[in-house]
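S.K.: Sequence first, then the predicted structure:
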Amino acid sequence: MSNIHYFTFTIAILALASSVAYASDPDPLQDFCVALDESKAGFVNGKFCKDPKLVKADDFFYSGLRNAGNTSNPFGSSATPASVTELPGLNTLGISIARADFAPNGIISLHTHPRASEILICLEGTLYVGFITSNPEHRLFAKTLHEGDVFVFPRGLVHFQLNLGKTKARSMVAFNSQNPGFITIPDTVFGSNPPIPTDVLTKAFQVDKKVIDQIQKQFESENNYHE
């Protein structure tokens, strides 16, 4: 990837992170608050802070985005996050990042991030990306991206990324939250545990019960695959 593309992505991340008025997470009250896994101590909106005297450089470092993710799955894609779970130093900073890899024709299916807006840069290949607005318009905003192109997904709106090429594709995304959340629409609707009652789904989608049963079985097998 060329230096200009790295520069573009860096500026995009800074722009997303510096929009204090629109930030998804609360502002920190100290230099940093490295996340500490203290689940037995109770539940907080975020993470407990590690003693600053015990903080190390490794708390702000993560190498998990170096390598491509495994795209050998029914969707032909992989998302590798670097959120506060993987990178404790992100705690209270209101940002995170992720890498997405696509096999030929692979897709990151319809999904939302309930706690963050997202900015994406295409690093390799050709991606068709888009989002759909809320009721009642349901407008689709979509573009075909090439290397170096950038696209923004507003917070909470359903969106997707599809590899149009016959070769692999890759992108990086940044969020204005340390924990943006990831809700895949098909899995949520047809793969919930316990399952949504068939009567609800047949009425919602206006289809026969056999269709719903068939789709739910499909997502049961896919969920088993991911496990």
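M.R.: Everything's here; your move.
S.K.: For the chain, which segments count as strands?
M.R.: Assigned strands in the chain, in chain order: 35-36, 48-49, 77-82, 96-102, 107-112, 118-124, 127-132, 140-145, 150-153, 158-163, 169-175, 183-184 (criterion: DSSP state E).
S.K.: a markdown table for those, including distance to residue 28?
M.R.: Using the backbone N, CA and C atoms, a C-beta is placed for each residue, glycine as well. Below are the strands of the chain laid out as a markdown table (distance: least, C-beta to C-beta, whole Å):
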| stretch | distance to residue 28 |
| --- | --- |
| strand 35-36 | 12 |
| strand 48-49 | 10 |
| strand 77-82 | 18 |
| strand 96-102 | 15 |
| strand 107-112 | 26 |
| strand 118-124 | 21 |
| strand 127-132 | 29 |
| strand 140-145 | 33 |
| strand 150-153 | 25 |
| strand 158-163 | 29 |
| strand 169-175 | 17 |
| strand 183-184 | 26 |
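S.K.: And the ones you listed: which comes nearest residue 68?
M.R.: strand 96-102 (4.7 Å; C-beta to C-beta).
S.K.: could the strands of the chain be laid out in JSON lines, adding mean neighbour count?
M.R.: Formatted as JSON lines, these follow (neighbours: other C-beta atoms under 10 Å):
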{"stretch": "strand 35-36", "mean neighbour count": "18"}
{"stretch": "strand 48-49", "mean neighbour count": "17"}
{"stretch": "strand 77-82", "mean neighbour count": "19"}
{"stretch": "strand 96-102", "mean neighbour count": "23"}
{"stretch": "strand 107-112", "mean neighbour count": "19"}
{"stretch": "strand 118-124", "mean neighbour count": "21"}
{"stretch": "strand 127-132", "mean neighbour count": "20"}
{"stretch": "strand 140-145", "mean neighbour count": "14"}
{"stretch": "strand 150-153", "mean neighbour count": "19"}
{"stretch": "strand 158-163", "mean neighbour count": "22"}
{"stretch": "strand 169-175", "mean neighbour count": "24"}
{"stretch": "strand 183-184", "mean neighbour count": "14"}
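S.K.: now those in JSON lines, with mean pLDDT and distance to residue 211?
M.R.: JSON lines is the format used below for the strands of the chain (pLDDT from 0 to 100; distance: least, C-beta to C-beta, whole Å):
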{"stretch": "strand 35-36", "mean pLDDT": "84", "distance to residue 211": "44"}
{"stretch": "strand 48-49", "mean pLDDT": "89", "distance to residue 211": "47"}
{"stretch": "strand 77-82", "mean pLDDT": "97", "distance to residue 211": "25"}
{"stretch": "strand 96-102", "mean pLDDT": "98", "distance to residue 211": "29"}
{"stretch": "strand 107-112", "mean pLDDT": "97", "distance to residue 211": "18"}
{"stretch": "strand 118-124", "mean pLDDT": "98", "distance to residue 211": "32"}
{"stretch": "strand 127-132", "mean pLDDT": "98", "distance to residue 211": "22"}
{"stretch": "strand 140-145", "mean pLDDT": "98", "distance to residue 211": "24"}
{"stretch": "strand 150-153", "mean pLDDT": "98", "distance to residue 211": "30"}
{"stretch": "strand 158-163", "mean pLDDT": "98", "distance to residue 211": "21"}
{"stretch": "strand 169-175", "mean pLDDT": "98", "distance to residue 211": "32"}
{"stretch": "strand 183-184", "mean pLDDT": "96", "distance to residue 211": "20"}
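S.K.: With respect to residue 63, which of these lies nearest?
M.R.: strand 77-82 (9.6 Å).
S.K.: Which other helices and strands does the closest one contact?
M.R.: The helices and strands touching strand 77-82, judged by 3 or more C-beta pairs under 8 Å, 6 or more residues apart in numbering; DSSP states H and E, are strand 96-102, strand 107-112.
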